[in-house]
Each structure stands twice: as C-alpha cells, then as structure tokens.
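**Student:** need the 3D shape of this:
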Amino acid sequence: MGHPAGTPTAGTAASGALDLQGLAAVLTLFSEVGNVNALLRRLGPLHVDYAEAARRLNIPEKWLRERIGSLPHRKMGKFVGFSDEDIQAISEMHAVRPNLDARTDKMTVLMPSTRSRSHSRA
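**Tutor:** Purely as a prediction, here's the structure:
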C-alpha cells in the first residue's frame, strides 16, 4: 500500500534537501554580487563569439561578419566578442517601428487616376 497523503518518502526528503542546498547556493551567490544581472554575467561567459551572437540574434553568422565595422562589438587583438549589451544594441539598431499614423494619411490621399485607359476589345 502507499504512504498516507502528506507523508514524505525517503526519496522526496532527499530531493527536498538538495533543493534547499541549491537554493542556499543561489542566495549566497546573489548576496555576493548584489543583483540578478551581475549574477547572470558571473555564471555565463562575459563575451560570446560570432556563432553564439548570431544564434541569439537568429541571423546568419556571415551577416554579422560582413557588417562588423558598423555593429557594436568588443575587439581584443584579432579576437571579436559580443557582450549582452552589444547584442541588445544590435537588435535595437534594426528595430522596425512603422508609423501607423503616416501610413493611414497616405492611404486616404490615394485616389484613382483621371486618365482614360484604353480597353482592349476582343
């Protein structure tokens, strides 16, 4: 028969202890660095290469390489890297925000031509 509802089994008690240890480790790291962004930077690489930056931006790596002179990036000798801020800036540089007011004004101005059109008669 099973265990009464609410009674932890040996497996759940052990996993609960591991969960608490993990939570304690995260809280310790968080208290050392001060904020979430700093914690994430500490846990991940400071800079990523072309391939990872292209993956994060969902674009071909070749596109980044061809336009590197006009894009935010880090250069350490011959090595190119992208920080999270660089990737965010590249994304913002290419954001498209259509001006819906201007588009509707142009649509109301459009009128049919007054020129006569020749119709082919078959």
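**Student:** worst-scoring helix or strand of the chain, pLDDT-wise?
**Tutor:** When each helix and strand of the chain is scored by mean pLDDT, DSSP states H and E, helix 100-109 comes last, with a mean of 63.
**Student:** show me where the chain has helices.
**Tutor:** Applying DSSP state H to the chain gives helices spanning 10-33, 36-43, 50-57, 61-66, 84-93, 100-109.
**Student:** can you give me the neighbour number for the closest residue to Ala51 other than its chain neighbours?
**Tutor:** Sequence neighbours aside, Glu61 is the residue nearest to Ala51 in space, at 5.6 Å (criterion: C-beta to C-beta, 6 or more residues apart in numbering). For every residue, glycine as well, the C-beta is placed using N, CA and C. Look at Glu61: counted by other C-beta atoms under 10 Å, it has 15 neighbours.
**Student:** over to Ile90?
**Tutor:** 20.
**Student:** name the surrounding residues that touch stretch 76-89.
**Tutor:** 41, 46-50, 52-53, 56-57, 68, 71-75, 90 (C-beta atoms under 8 Å, 6 or more residues apart in numbering).
**Student:** hang on, the earlier thing: ok, the residue nearest to Ala51 touching Tyr50?
**Tutor:** Yes: in this structure, Glu61 is within contact of Tyr50 by C-beta atoms under 8 Å, at 5.0 Å.
**Student:** re the thing from before, which of the contacts of stretch 76-89 count as buried?
**Tutor:** 47-48, 50, 53, 57, 71, 73, 90 (16 or more other C-beta atoms under 10 Å).
**Student:** those: which two are farthest apart?
**Tutor:** Using C-beta to C-beta, these span at most 14.7 Å, a distance reached by His47 and Leu57.
**Student:** on that earlier part again, output the buried ones among the contacts of stretch 76-89 as CSV; include the columns pLDDT.
**Tutor:** Formatted as CSV, these follow (pLDDT from 0 to 100):
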residue, pLDDT
His47, 88
Val48, 92
Tyr50, 95
Ala53, 95
Leu57, 95
Leu71, 96
His73, 95
Ile90, 96
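**Student:** include distance to Gly34 when you put these into JSON lines, please.
**Tutor:** As requested, those are arranged in JSON lines below (distance: C-beta to C-beta, whole Å):
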{"residue": "His47", "distance to Gly34": "21"}
{"residue": "Val48", "distance to Gly34": "23"}
{"residue": "Tyr50", "distance to Gly34": "31"}
{"residue": "Ala53", "distance to Gly34": "27"}
{"residue": "Leu57", "distance to Gly34": "29"}
{"residue": "Leu71", "distance to Gly34": "30"}
{"residue": "His73", "distance to Gly34": "27"}
{"residue": "Ile90", "distance to Gly34": "27"}
